[in-house]
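Student: Sequence and predicted structure are below.
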Amino acid sequence: MSGDDAECRRTVDPCEARPTLDTWQDAPHQPWSFAHLSELLPTAPVSRIAERRPEHGRGQGLEALEALVPGLRARLDATHTDAFLILRGAEATAEYARSGHSVDAPHLLMSVSKSLCSTVVGALVGEGRIDTAAPITAYVPELCGSVFDGPSVQQLLDMEISIDYSENYLDPRSEVQTHDRASGWRSRQPNDPAHDRAFLRTLRGLGAVGEFQYCSASTDVLAWIVERASGLRYPQALSQYLWAKIGADRDASITVDATGFGYANAGVSCTARDLARVGRMILDRGLAPGGRVVPGEWTDALLAGGSATAMAPSGWTAAFPGGSYTRQWWCTGNSRGNIAAIGIHGQHLWLDPPSDSVIVKLSSWPRPDDDAAHAEQTRLLMDVCEALDAT
C-alpha cells in the first residue's frame, strides 16, 4: 500500500480538526464524516415510531464465512469497509465493522437513499395515491416549463429523461455540485438556487424519454411527488411508509435544506442492521413486521429487472449483460437474480434471492466513483453469494 493510499484510508481522529462543509466529502475525512453527518449538516429524524421490535440475532462474526471466502477480511479492508452484515432469512449470520464503526451505528447511505425513496413511492402506488402513468406535473405543477414537464412518474422512477445534468462529483461546475450547494451539502456560491426545489425548477434538457440517464435530481422530484401525494413532509413520509414498518432498532435521519426538504437522493443515514431489514422486506414481497410496505407486484418487478428500455450505464451492462435499472434499483439480470441499491464511496445493499440473503456493505472509498473499486467490490459480493450456497 502506498503512502498516499495509507493517508486516504486513515480514519480521522475526532480530536483532530473537523472537516468543513466543503471538505467532509473528501479524503481522508469520509470515514469519520459518513458516521457523524448530523454533526456537520442539518438533519431531520426518520422515526421508527412504533415500539421497539425484537432485534435480529447478533451475527456470528466472519469466521465461518472466511473458511469459504479466502482473504475475506483483507478484501473488506482493501475496499474500505466500515460495516458489513449478512442477513439470511431472519438471522444475522455474519457481521464485521472496522475500528470506529459498528453495524448498529448510523452511516451515510449516499445513493442507496434513492432506493428507499422509490420504496415510499411504491407504498403510495399500493394505496392508489400515485399513478406511475400520470405526468410528473400532475403532482408538482411548479415543474411546468422544466425538463420534467411531460414525462411520466414511471419514466422518472426509471431515470429515462434526458436532462442537462452532469453527475461529475468532483467538478465544481457540475449540476450535481450545484444541487449539493442548494441542498446544504456545500457552501453556497453567488446566484445558487436558494434551496433544492428551486434548483429542480431550473433544470432543462430535451425532455426526451426512453434512454437511461442517471440523474440524482430525479429522486428529489420523486420526493416532491411523495409529499404531494401523502400530505407529509418527506422525512415523515419515509418514516410512516417504510421505517416504522420494518422493525427498525433505531431512528434513521436525513439531511435537509433551508426549507426542511429532505435530500432524498443521497442524504439518509442509518445502521447496517436496519438497512438489512429493508432488503429483507423486498425479498419478502413487500411484507415487514409492521405490515405491508409495497405491493408484491412492485417487488416482483424489481426482481425481474427492467424492460429493454430501462437499461443502465455501459460499465454496469459490461459486468452484467442482462443488467438494467428500474424503480431506482440496479438489476443484474444474472442467473442469481441479484439486485442492488448502490451509493458512491462504496455503499451496497445487495439482495441474493437463491440464498434468501441480504448483504449490506457500507464503505468510505477515498474517491466517489472508482471503476476498479466497483469491480473488486462486485467480485467480493458475488464470491460471498457463492459461499452462501455452501452453508
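Tutor: Good, I have the coordinates. Numbering: from 1, shown residues only.
Student: C-alpha from now on. contacts and neighbour counts both.
Tutor: Fine.
Student: Need phi/psi at the residue nearest in space to the middle of the chain.
Tutor: Geometric centre of the chain, nearest residue: residue 112, 0.6 Å, by C-alpha atoms, centre = their mean. Main-chain dihedrals, residue 112, degrees, to the nearest 10: phi -60, psi -30.
Student: Counting neighbours, what do you get for the closest residue to residue 352 other than its chain neighbours?
Tutor: Once flanking residues are discounted, residue 352 sits nearest to residue 338: 5.1 Å by C-alpha to C-alpha, 6 or more residues apart in numbering. When neighbours are defined as other C-alpha atoms under 10 Å, residue 338 has 23 of them.
Student: Next one, pLDDT for residue 338 please.
Tutor: Residue 338 carries a pLDDT value of 97.
Student: ok, residue 199 touching residue 184?
Tutor: No: taking C-alpha atoms under 8 Å as the definition, residue 199 is not a contact partner of residue 184, at 12.0 Å.
Student: Which pLDDT does the model give residue 11?
Tutor: Reported pLDDT at residue 11 in the predicted model: 51.
Student: if we can go back for a sec, now do the contacts for the residue nearest to the centre of the chain.
Tutor: For residue 112, the contacting residues are 265-266, 341-343, 347-349, by C-alpha atoms under 8 Å, 6 or more residues apart in numbering.
Student: Just the CA coordinates for stretch 34-51, please, in CSV.
Tutor: The C-alpha trace of stretch 34-51 is given here as CSV (Å, rounded to 0.1, in the frame of the first residue of the first chain):
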residue,chain,number,x,y,z
PHE,A,34,-20.1,9.4,7.0
ALA,A,35,-20.6,8.2,10.5
HIS,A,36,-21.2,11.6,12.1
LEU,A,37,-23.1,13.5,9.4
SER,A,38,-25.6,15.0,11.9
GLU,A,39,-22.7,16.9,13.5
LEU,A,40,-21.9,18.5,10.2
LEU,A,41,-25.3,19.2,8.4
PRO,A,42,-28.9,19.9,9.4
THR,A,43,-30.8,16.7,9.6
ALA,A,44,-34.4,15.6,10.3
PRO,A,45,-35.2,12.3,12.1
VAL,A,46,-36.9,9.4,10.3
SER,A,47,-38.7,7.9,13.2
ARG,A,48,-39.3,4.2,13.7
ILE,A,49,-42.5,5.5,15.6
ALA,A,50,-43.8,2.1,16.7
GLU,A,51,-42.5,0.3,19.8
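Student: Buried ones in that stretch, by neighbour count?
Tutor: 34-38, 40-48 (16 or more other C-alpha atoms under 10 Å).
Student: Touching that stretch from outside, list them.
Tutor: Under C-alpha under 8 Å, 6+ apart, the answer for stretch 34-51 is 20-21, 33, 101, 105-108, 184-185, 235-236, 238-240, 243-245, 247-257, 260, 262, 269, 364.
Student: returning to that earlier point: next up, the contacts around the residue nearest to residue 352.
Tutor: 303, 331-332, 350-353.
Student: Mark which of those residues are part of strands, please.
Tutor: Members of the contacts of residue 338 lying in strands (criterion: DSSP state E): 331, 350-352.
Student: And those, which is closest to residue 360?
Tutor: Of all these, residue 350 has the smallest distance to residue 360: 6.3 Å, by C-alpha to C-alpha.
Student: Dig out what the closest one forms beta bridges with.
Tutor: As for beta bridges, residue 350 partners with residue 340, residue 359 under DSSP bridges.
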